[in-house]
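1. the sequence and its predicted three-dimensional model are supplied below.
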Protein chains: 4
Amino acid sequence: MLSVSIVGGSGFGGGELLRLLLSHPHVEVRQVTSRAHLGEYVYQVHPNLRKRTQLKFINPAELGPVDVLFLALPHGESQKKINDYAVLASKIVDLSADFRLKDADMYEKWYGKPHAAPDWLSKFVYGLPELHRSEIATANYVSGIGCNATASNLALLPLIKSDLIELFDPIIIEVKVGSSESGAEGNSGSNHAERANVIRTFSSFGHRHTAEVIQEMSVKDVSLTMTAVDLVRGVLATAHARVKPGVVTKDLWKAYRTAANENPFIRVVKEQRGIYRVPEPKIVTGSNYADIGFELDETSGHVVSMCAIDNLMKGASGTALQCMNLMMGWDEMTGLDFPGLHPI
Amino acid sequence: MLSVSIVGGSGFGGGELLRLLLSHPHVEVRQVTSRAHLGEYVYQVHPNLRKRTQLKFINPAELGPVDVLFLALPHGESQKKINDYAVLASKIVDLSADFRLKDADMYEKWYGKPHAAPDWLSKFVYGLPELHRSEIATANYVSGIGCNATASNLALLPLIKSDLIELFDPIIIEVKVGSSESGAEGNSGSNHAERANVIRTFSSFGHRHTAEVIQEMSVKDVSLTMTAVDLVRGVLATAHARVKPGVVTKDLWKAYRTAANENPFIRVVKEQRGIYRVPEPKIVTGSNYADIGFELDETSGHVVSMCAIDNLMKGASGTALQCMNLMMGWDEMTGLDFPGLHPI
Amino acid sequence: MLSVSIVGGSGFGGGELLRLLLSHPHVEVRQVTSRAHLGEYVYQVHPNLRKRTQLKFINPAELGPVDVLFLALPHGESQKKINDYAVLASKIVDLSADFRLKDADMYEKWYGKPHAAPDWLSKFVYGLPELHRSEIATANYVSGIGCNATASNLALLPLIKSDLIELFDPIIIEVKVGSSESGAEGNSGSNHAERANVIRTFSSFGHRHTAEVIQEMSVKDVSLTMTAVDLVRGVLATAHARVKPGVVTKDLWKAYRTAANENPFIRVVKEQRGIYRVPEPKIVTGSNYADIGFELDETSGHVVSMCAIDNLMKGASGTALQCMNLMMGWDEMTGLDFPGLHPI
Amino acid sequence: MLSVSIVGGSGFGGGELLRLLLSHPHVEVRQVTSRAHLGEYVYQVHPNLRKRTQLKFINPAELGPVDVLFLALPHGESQKKINDYAVLASKIVDLSADFRLKDADMYEKWYGKPHAAPDWLSKFVYGLPELHRSEIATANYVSGIGCNATASNLALLPLIKSDLIELFDPIIIEVKVGSSESGAEGNSGSNHAERANVIRTFSSFGHRHTAEVIQEMSVKDVSLTMTAVDLVRGVLATAHARVKPGVVTKDLWKAYRTAANENPFIRVVKEQRGIYRVPEPKIVTGSNYADIGFELDETSGHVVSMCAIDNLMKGASGTALQCMNLMMGWDEMTGLDFPGLHPI
């Protein structure tokens, strides 16, 4: 059995990761830390885990060595103590934003302050298997991924990998998200009476996850417009781009099918009938699937590409587990086979 | 024009009251206080009021004299300074729980500490026109009402006024409520991701509003069980009681129709067809109506009586305005004629 | 008193219009038709109107002459009998799509069949006062407006009226909508279990309302991408465009403020603090306001312009009433002063 | 591998069952029928199953013999053809209401018409393992269970099994439910715009599931009051009863803990701190758990007992699978280990 611990287990990402690890057939969870909930049973904070574990939250200072250490801390925390964590485990998967960007200047530009451990940036592989599967398989340090960046990157993946769109034209991505993105702590606008029933654009430009799209997709002119809607889990990224001259619908079909064939968690959703004709976050809730689909206006060349994920699963903890599977040489779907619910 | 001011205008109740007062044909709003939002335009906190008023929140110390002063402070605050407020206005309508109970001992029992101004308790009339219309019309001091108490009291009103139920049998009231009840400040459980999709019983027994039901309905054995559901505004109280021997459905019809005839804001909802057959909070959203209905099992004598209100309107600010209308001798529906929306 | 009747009063648009007309100080509602609900009280279908009217739905054949006739029929019905309706009233306001487009060929292109009364197209004024106030004031026949078109047109209005954007560049409009858009009849996907929690893109291109944007804004290359979210009422249109060289943020401020100054129902929402910093459909629920706002990336020239409306009010019945006010020479806000609710 | 087929696989219950069977380690799903969706891929109706199965819906006439046949038909259908189905499989699990009641007269009383196969009633075991574990283990025919009955029965189970309440006093059960209870077909009131935001009491007395509570709990005077709230999956049953003289809180603790110890899917939720202090349907979404909890007013003897389940899992398909496990001698949790999600 692989021994693992989680640093920062009381947040939504940490809780989801704990749930997945507890059900994983080859893993034993040793310790979970939380300063805010020190001494409490983890099921008091994550009530779905009642009768599943008797683990209690411990102080980070009590952490012992393990095979794989997961860091699920607030952004900015991992980089401060990465040297200490590296002593505890030879393999680390960090879910935060700290080691996603390869370039320290880019980090400073998007996060507004210098990186505390810039020499570590090159040691981490960007943790999205659909982009870096083979590197992850041999890596010791794997970074987290931004949930909105992931939906955006997977919406663009088939278009860019098959070289179907104009990379120098503006790419406009509209991202609609659920409330679990803003975390368990909440803020003034997350109070239910204020947050229910919203269609609230909280960032027209400049969302930090844009940096991950620029880095991973090698696109020049891309913007993410972020809008919160009344939903707990889920992200839908809708990318508007322009195809290269001569590209037609069947080229897109081929690119999307290839993406699905090469990646077990990617599914193409493009139906002519029924209720569910396009990717919908609702349907991937709790699963690690990324559903992708598209529509092309052949006259104008305007292509709309969509990707729906569960921000806590494919957008965070599910992908982290998928990376662990790859790092250990296991089937990447191990422990990630929950197909989601219908209806929900 | 009647001059009025609001003390504590940044909460949900204060904002709703301000909206109503600004649209009232005979009223001029002079000042609105808020320590937390001092100096801000009220429309920055209550965005529905944009382009409706240029009022800014002021410090309570800047309050000047007015004809009617509304107190919309957190519970426990009004009683501390009631003597000061009384200097500013000869008529006061308080929306808090401070002056609802007539008996200081009862107050201490339900609120857990002694009342700070027990001599004022007898000066206030309990501010529910459906129970105390004529007293309110001649009162200078009118208390607030609990929203859950109001739904419960109006569910019981026809049964008790027409002497149809056994007052010594247990009366079980199940109250389902929306999130605006817990206020603009929120708490750990009100974060949207935790509060959405809930059916959460936050009080099985002993909710403070029970005291208002006991006081106003003269019932001995009554319990309120409070359950939060996924809704912003609305309360549905469902009272289970036992009718006296011989009481049949037509007796209930008569009692309910009488209640509706005597009270402009009470409507009886009891249809055999269509979607809306029973009282529903959804349909009274934004209105001052209290929709009531019932079902009787003639075999067992078990009667289910329902009342649906908007907790911020009929359950708080709407009724406060209704009281002001009565105090001034105006039609009690003045400024309260919004019928609600369908659908919503 | 102005006498009016509504043809087709059992749908959501007809019900909303009826509510508004019943509260209008200068109007008397004579008759409301519905084949499906013939003989029922209107409050059985629109339960918010209980205790507000004793009107029953009648057969269209029973309609008598009135001053103004409102048509709230399903699309395609008004054009079939417009000559008959014109006999009943010298002034007609039609809420359907039948008389919105000025060009019969354009109608056929977007609606897929020839128009049944093409000679009537030129008699109708497009019923959006913010675009055609003076023509509406002297018109006898006023068309309806598409709710999504209206949100889109008002998002573009300040940009286009002040000549700030490149009209030949693609304009991408992402529109997020609530469920009341799909009507009271529903369809297989509108069953609550399937429709709740959705972020469902039901039209990537080619939504019929696009035609109204093309016609009214004189833009060449514009697309509407329509996404349904979990909300009953509301539309948010987010338009992405490119400003002309040299245009900076203060130019946009000026254009938006001008729009708000010239139109009583337009408000600019662009705050630096608080919860409500941008236009949100939630806040205009039940009101006739159109809240607009923008964000400019001065480096790239990419401007995001937003408009939030209530699809049944500003997007349909509210604007129809506003047109009636203008046609009668009354203040256009008469009967439309409800400011919306906070929270909701 | 156990071969199974599902008759009626396009409804919510059938889809959920199919999802569970496809993931079960010892089961092979052979055929799934649906007249309405004949020839379609099951993933077109149940989109969560995309990339999980290539099964298509077949005509019931094409069904071949299997080890276990699951019937997921609308109520009233199974009883008509039970003799035909019995030819196809020696073991049958029926999810409908057809074989729940042991007494044909009771069936006729609650369902309004005579049973079509009364001789089969005694061959079926009532399919709730928490009540009939050993009988199910040796049964060939297992009935479905009502979701509301199950929440009610499990709320009462510890109280009645430990003989703690007065069985001749009225037991009032308030049940709050999500929209998936009303099925995939929907009805006029299930259109999202009408069904969202509701607190709608659709049955004050006389809900059919009451019969299952009377039969299984041997209670005399029990009523279920059914209220729909804005949620897709979930049931909360809140039972109000009176404890026998001398019963105190620790007696209840003992009874509830015993129920949890004896049943792997029962959990006791009764916390003094944190957000999740009581059973909540939200937290059991997608899982087979039944969370139970209670509160006792020792003065009056009034006990409130709550049970939260997912109506499609513990209230239908999950329990059906649990029964299959027991019938085959497997661990009853096999294939049912999904713990639910937090948050959701």
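-> All right, it came through fine. Because the structure is predicted, anything quoted here is derived from the model rather than measured.
2. so which residues on the stretch 51-200 of chain A come close to chain C?
-> A:170, A:172, A:174, A:176, A:188-189, A:193-194, A:196-200 (Cβ under 8 Å from any Cβ of the partner chain). Every residue, glycine included, has its C-beta placed from N, CA and C.
3. spell out which residues of chain A are next to chain B.
-> Contact residues, chain A versus chain B (Cβ under 8 Å from any Cβ): A:12, A:178-180, A:182, A:184-186, A:190-197, A:230, A:232.
4. those residues, buried ones only, as a ChimeraX selection?
-> Filtering the residues of chain A next to chain B down to the buried ones (16 or more other Cβ atoms under 10 Å in any protein chain shown) takes a single ChimeraX command:
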select /A:12,178,179,180,182,184,186,190,191,192,193,194,195,196,197,230,232
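5. of the residues of chain A next to chain B, which are in range of chain D?
-> Applying Cβ under 8 Å from any Cβ to the residues of chain A next to chain B, those adjacent to chain D are A:12, A:180, A:184, A:232.
6. of all those, which two lie farthest apart?
-> A:184 and A:232 (11.7 Å; Cβ to Cβ).
7. hmm, back to that, which ones among the residues of chain A next to chain B are found in helices?
-> A:12, A:192-195 (DSSP state H).
8. redo those as CSV? Include distance to residue B:264 and pLDDT.
-> Listed next are these as CSV, based on distance: Cβ to Cβ, whole Å; pLDDT from 0 to 100:
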residue, distance to residue B:264, pLDDT
A:12, 48, 97
A:192, 32, 97
A:193, 28, 97
A:194, 32, 97
A:195, 35, 97
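9. farthest-separated two in these?
-> Maximum distance among these (Cβ to Cβ): 20.8 Å, for A:12 and A:193.
10. list the contacts for residue A:278?
-> A:269-271, A:293, A:306, C:200-202 (Cβ atoms under 8 Å, 6 or more residues apart in numbering or on different chains).
11. for it, what is the enclosing helix or strand?
-> Per DSSP states H and E, residue A:278 falls between elements, in no helix or strand.
12. what about residue A:248, how many neighbours?
-> 11 (other Cβ atoms under 10 Å in any protein chain shown).
13. now it: closest residue in space that isn't a chain neighbour?
-> Spatial nearest neighbour of residue A:248, chain neighbours left out: residue A:298 (6.0 Å); criterion: Cβ to Cβ, 6 or more residues apart in numbering or on different chains.
14. surely that neighbour meets residue A:249?
-> Yes. Counting by Cβ atoms under 8 Å, residue A:249 is a contact partner of residue A:298 at 6.7 Å.
15. what parts of the stretch 51-200 of chain A come near chain D?
-> A:51-52, A:180, A:184.
16. could those residues go into CSV alongside pLDDT?
-> Below are those laid out as CSV (pLDDT from 0 to 100):
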residue, pLDDT
A:51, 98
A:52, 98
A:180, 97
A:184, 87
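17. determine which two of these are furthest apart.
-> A:51 and A:180 (23.3 Å).
18. count of residues packed around residue A:57?
-> 23.
19. using the three-state scheme, assign it.
-> Here residue A:57 is recorded as strand under DSSP: H, G, I helix; E, B strand; the rest coil.
20. so which bits of stretch A:131-150 are buried?
-> A:131-132, A:136-137, A:139, A:141-150.
21. show me the contacts for the closest residue to chain B within the stretch 1-150 of chain A.
-> Residue of the stretch 1-150 of chain A nearest chain B, by Cβ to the nearest Cβ: residue A:12 (7.0 Å). By Cβ under 8 Å, 6+ apart, the contact set of residue A:12 is A:180, A:183-184, A:312, B:193, D:342-343.
22. what's the answer for residue A:182, then?
-> A:190, A:228, B:193.
23. for the second one, what are its contacts?
-> Residue A:228 makes contact with A:176-179, A:181-182, A:195, A:198-202, according to Cβ under 8 Å, 6+ apart.
24. repeat for the first one
-> If a contact means Cβ under 8 Å, 6+ apart, then residue A:190 has A:179, A:182, B:186, B:191-193 as its contacts.
25. now the last one
-> Contacts of residue B:193 were listed using Cβ under 8 Å, 6+ apart, and they are A:12, A:178-180, A:182, A:184, A:186, A:190, A:232, D:343.
26. picking that back up, relative to chain D, which of the ones in helices among the residues of chain A next to chain B is nearest.
-> The closest of these, once distances to chain D are taken by Cβ to the nearest Cβ, is residue A:12, at 6.2 Å.
27. measure the closest one to residue B:194 for me?
-> Distance, residue A:12 to residue B:194, using Cβ to Cβ, to the nearest Å: 10 Å.
28. can you pull the residues that touch both of those two?
-> Joint contacts of residue A:12 and residue B:194 (Cβ under 8 Å, 6+ apart) are A:184, D:343.
29. circling back: in CSV, list the contacts of residue A:190 along with distance to residue B:224.
-> CSV is the format used below for these (distance: Cβ to Cβ, whole Å):
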residue, distance to residue B:224
A:179, 30
A:182, 33
B:186, 23
B:191, 25
B:192, 26
B:193, 28
